[in-house]
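Undergrad: Quick one, fold the following:
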Amino acid sequence: MDSSIVFYLVGVNALTILLMRIDKQKAIKKEYRIPERTFWALSILGGALGSYIGMRWFRHKTKHPSFIMGMPILIIIHLVFIVYFIQS
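TA: Numbering: from 1, shown residues only. Okay, the predicted model is just below:
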């Protein structure tokens, strides 16, 4: 796999984890929140693992069925794509 793809995936997942932390802090302080569509967009673009890790580490978005089911499904889809690209 191309190293730029690896750097991209690490970056988008790190950004997603960071935004989960920021959004959790904003939720605690009752401040303006990061829209869920932002998390979904980053997750679809490769940050699903970061979203899932952020959910677990910060106990954030864990009551949203769409996140509970959607992130693992996206992780599996991403893994299928990664395996496909490694083999081709």
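Undergrad: pretty sure residue 14 is touching residue 50, no?
TA: Yes. Assessed by Cβ atoms under 8 Å, residue 14 is found in contact with residue 50 at 6.6 Å. C-beta here means a position set from N, CA and C on the backbone, and glycine is covered the same way.
Undergrad: between those two, which one's more packed in?
TA: residue 50 (26 against 13; other Cβ atoms under 10 Å).
Undergrad: The more buried one against residue 11, yeah?
TA: No. Residue 50 lies out of contact with residue 11 (Cβ under 8 Å); the separation is 9.6 Å.
Undergrad: Find residues that contact each of the two.
TA: Common neighbours of residue 50 and residue 11, counting by Cβ atoms under 8 Å, 6 or more residues apart in numbering, are absent.
Undergrad: Dihedrals phi and psi, the residue most central in space within the chain?
TA: The structure's the chain has its C-alpha centroid closest to residue 51; by Cα atoms, centre = their mean the separation is 2.7 Å. Backbone geometry at residue 51, expressed as degrees, to the nearest 10, gives phi -60, psi -40.
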